[in-house]
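Student: coordinates for the following, if possible.
(one chain, ligands or ions: 2)
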Amino acid sequence: MATLSAQRKHKVTIVGSGNWGTTMAKLVAENTKDNPSLFEEKVQMWVFEEEYTIPKNSRHYSGSDQPEKLSQLINSVHENVKYLPNITLPPNVIANPDLPDACKDSTMLVFVLPHQFIARTCSQLSGKILPYARAICCTKGVDVSEKGIQLMSEAIGKGLNIYCGALSGANIASEIAKELYSETTVAYDPPPMDSRHPTPSGSPSSSQVNLINPEIEPGKRSANLTPLPSEYPPLSHENIRKLFHRPYFHVHLVNDVAGVSLGGALKNIIALAAGFVDGLGWGDNAKAAVMRVGILEMVKFGKMFFGESSRTSTFTEESCGVADVITSCSGGRNFRCAKMAVERKESIGAIEEKELNGQKLQGTSTAIEVNQFLKSQGKEADFPLFTAVFNILEGKAKPQDIPELIEPKH
Ligand SMILES: NC(=O)c1ccc[n+]([C@@H]2O[C@H](COP(=O)([O-])OP(=O)(O)OC[C@H]3O[C@@H](n4cnc5c(N)ncnc54)[C@H](O)[C@@H]3O)[C@@H](O)[C@H]2O)c1
Ligand SMILES: O=P(O)(O)OC[C@H](O)CO
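Tutor: Ligands and ions are numbered 1, 2, ... in the order given. Below you'll find the model as predicted:
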């Protein structure tokens, strides 16, 4: 609810314009239009610029086979012809290839980039955003370095010195873009100075204790933040919900940023395993077996490395947990590409290149990063499915070995 003192509106930028990025821009722009007292109507969408030739089968093909700048194409036909074809975008989505310009004066940055581009993008933005901007990370992945493991929301928060929450769920973008019903989980544990409201009951505030990265300590996060000026409406759960909830996209708000982020990242490894066994033609029982083991490893990973800040209930009760595992293992890109790789006896990288038209898999790099981290902790044996997926990607094991590799060792 906007307070009487709020005179300014939040400007929102979507940082990313792939399949999910463009879908998020569409639904957020519908909401900024519907909530004019809270948000500026126009939504900037940062486009990683590239040249694109409209294919002959596109409804926008005009007979020209000349490549054009993707951002200009999006603004002229109100469609992301490359990453989200055949979906009309509202006219208040403005594609912008200039990253600092797209984010200038924005109080809310919605990050929707493949995880491998987050660090570089944040470094390009550092010092060029409002100090009191806030962010929501919709990227699914983790960031592993010699310092340990970071959630993408932590990487963004630390990189830009702002607060960053997370949005993740059983969310295949193409379905949501067509406005087919779906749920999502938004984790936003705002600094008290932003909400100007008590934390909703039933959602106790969770300190994001990263057990592996001691630089991220509870309390430190809020202490260093620049307060949101009181001229803006508070960024309470209620107002965050108004930014993302649509009749076809139901939002549940929680405070467990670690759980929501980990669910989104780790389910992509499970989806690869499901694709491998399905590619062998082993059927639904085999898929269910790897999903079961994968969900247990996901929960164990949260407990072992993020402690009490990642709650089991987030994985079991929210869309970002078991539900995302189910949808990702049914129709996600990681599942589909892993399945094709086995069927065609090709590498998953080659399939990604041929089949995804520039879209990026997150499961392969996440499996590698998670393994690098588990090795550094001496914990590979505690996560046999994650380790099996890594070994299959590295050519050190075969999909046929999965049952033996995930069998508990006594
Ligand atoms: N697509 C989905 O169904 C879906 C759903 C939920 C979450 N996600 C997550 O959202 C994130 C973004 O995925 P997506 O589907 O929007 O993207 P995508 O895979 O469809 O597209 C790849 C994007 O990366 C951009 N890109 C390429 N090189 C780049 C560079 N050097 N720097 C910055 N950007 C570059 C491309 O321009 C394009 O926008 C991922 O973490 C993904 O797991 C995707
Ligand atoms: O297509 P994927 O495998 O990247 O998964 C998409 C979404 O994350 C499903 O929730």
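Student: C-alpha only now, for contacts and for neighbours.
Tutor: Noted.
Student: what about stretch 76-88, how long is it end to end?
Tutor: Taking Cα to Cα, to the nearest Å, stretch 76-88 runs 11 Å from one end to the other.
Student: if you could redo that for stretch 328-347, that was the one I meant.
Tutor: Taking Cα to Cα as the measure, stretch 328-347 stretches 20 Å from start to finish.
Student: what's the pLDDT at M193?
Tutor: M193 is assigned 72 on the pLDDT scale.
Student: can you tell me how far it is from H245?
Tutor: Counting by Cα to Cα - M193 and H245 are separated by 23 Å.
Student: compare the two (neighbour count), which wins?
Tutor: Ranked by neighbour count (other Cα atoms under 10 Å), M193 and H245 place H245 first, with 20 against 17.
Student: who in this protein is up against ligand 1?
Tutor: Counting by Cα under 6 Å from any ligand atom, the residues of the chain close to ligand 1 are 16-21, 48, 83, 112-115, 117, 138-141, 171-173, 358-360, 362.
Student: and those, which are buried?
Tutor: Buried residues within these, counting neighbours by 16 or more other Cα atoms under 10 Å: 16-21, 48, 83, 112-115, 138-141, 171-173, 359-360, 362.
Student: which strand runs longest in the chain?
Tutor: strand 39-46 (DSSP state E).
Student: contact partners of that strand?
Tutor: 9-17, 22, 25, 28-29, 32-33, 92-99, 102-103 (Cα atoms under 8 Å, 6 or more residues apart in numbering).
Student: these, buried ones only, as a PyMOL selection?
Tutor: With 16+ other Cα under 10 Å as the criterion, this PyMOL line picks the buried residues out of those:
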select buried, resi 9+10+11+12+13+14+15+16+17+22+25+28+29+32+33+92+93+94+95+96+97+99+102+103
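Student: spatially central residue in this protein, please.
Tutor: Central residue of the chain (Cα atoms, centre = their mean): T139, 2.3 Å from the mean position.
Student: got any ranges where the stretch 151-300 of the chain has weak pLDDT?
Tutor: 195-223 (pLDDT under 70).
Student: residue contacts, the residue in the stretch 1-150 of the chain positioned nearest to ligand 2?
Tutor: Residue of the stretch 1-150 of the chain nearest ligand 2, by Cα to the nearest ligand atom: K140 (6.8 Å). Contacts for K140 (Cα under 8 Å, 6+ apart) come out as 114-115, 152, 168, 261, 264-265, 362.
Student: the same query, at a cut-off of 10 Å, please.
Tutor: By Cα atoms under 10 Å, 6 or more residues apart in numbering, the contact list for K140 reads 112-115, 151-153, 166-169, 260-268, 362-363, 366.
Student: neighbours of G165, how many?
Tutor: Per other Cα under 10 Å, the neighbour tally for G165 reads 26.
Student: circling back to that earlier point, looking at the contacts of K140, which are in helices?
Tutor: 152-153, 260-268, 363, 366 (DSSP state H).
Student: let me know the helix or strand that P190 is in.
Tutor: For P190, there is no enclosing helix or strand under DSSP states H and E.
Student: ok, it touching A133?
Tutor: No: in this structure, P190 is not within contact of A133 by Cα atoms under 10 Å, at 12.0 Å.
Student: list residues touching both of the two?
Tutor: With Cα under 10 Å, 6+ apart as the test, P190 and A133 both reach 163-164.
Student: counting neighbours, go ahead and name the busier of the two.
Tutor: Applying other Cα under 10 Å to P190 and A133 shows that A133 carries more neighbours, namely 24 against 21.
Student: apart from its chain neighbours, what residue comes closest to the more buried one?
Tutor: If the residues on either side of it in the chain are set aside, A133 comes closest to T107, at 4.1 Å by Cα to Cα, 6 or more residues apart in numbering.
Student: so which residues on the stretch 1-150 of the chain come close to ligand 2?
Tutor: Near ligand 2, no residue belonging to the stretch 1-150 of the chain is found when assessed by Cα under 6 Å from any ligand atom.
Student: give me the low-pLDDT residue ranges for the stretch 1-150 of the chain?
Tutor: For the stretch 1-150 of the chain, applying pLDDT under 70 flags the ranges 1-5.
Student: helices of that one, start to end?
Tutor: Assigned by DSSP state H, counting those that start in this stretch, the helices in the stretch 1-150 of the chain fall at 19-34, 70-77, 99-103, 118-125.
Student: equivalent analysis for the stretch 151-300 of the chain, please.
Tutor: Using DSSP H, counting those that start in this stretch, helices in the stretch 151-300 of the chain cover 152-160, 173-177, 192-195, 220-223, 237-244, 257-279, 283-306.
Student: ok and the first one relative to helix 257-279, angle-wise?
Tutor: Between the axis of helix 152-160 and that of helix 257-279 there is an angle of 130 degrees, by axes from the mean of the first three to the mean of the last three Cα atoms, to 10 degrees.
Student: hang on, the earlier thing: dump the residue contacts of the residue nearest to the centre of the chain.
Tutor: Contacts of T139 (Cα under 10 Å, 6+ apart): 16, 20-21, 110-116, 118, 151-153, 166-168, 261, 264-265, 362.
Student: in the stretch 301-410 of the chain, which residue sits closest to ligand 1?
Tutor: Relative to ligand 1, the nearest point of the stretch 301-410 of the chain is Q359 (3.3 Å; Cα to the nearest ligand atom).
Student: that residue and I351 touch, don't they?
Tutor: No: contact between Q359 and I351 fails when scored by Cα under 10 Å: they sit 11.4 Å apart.
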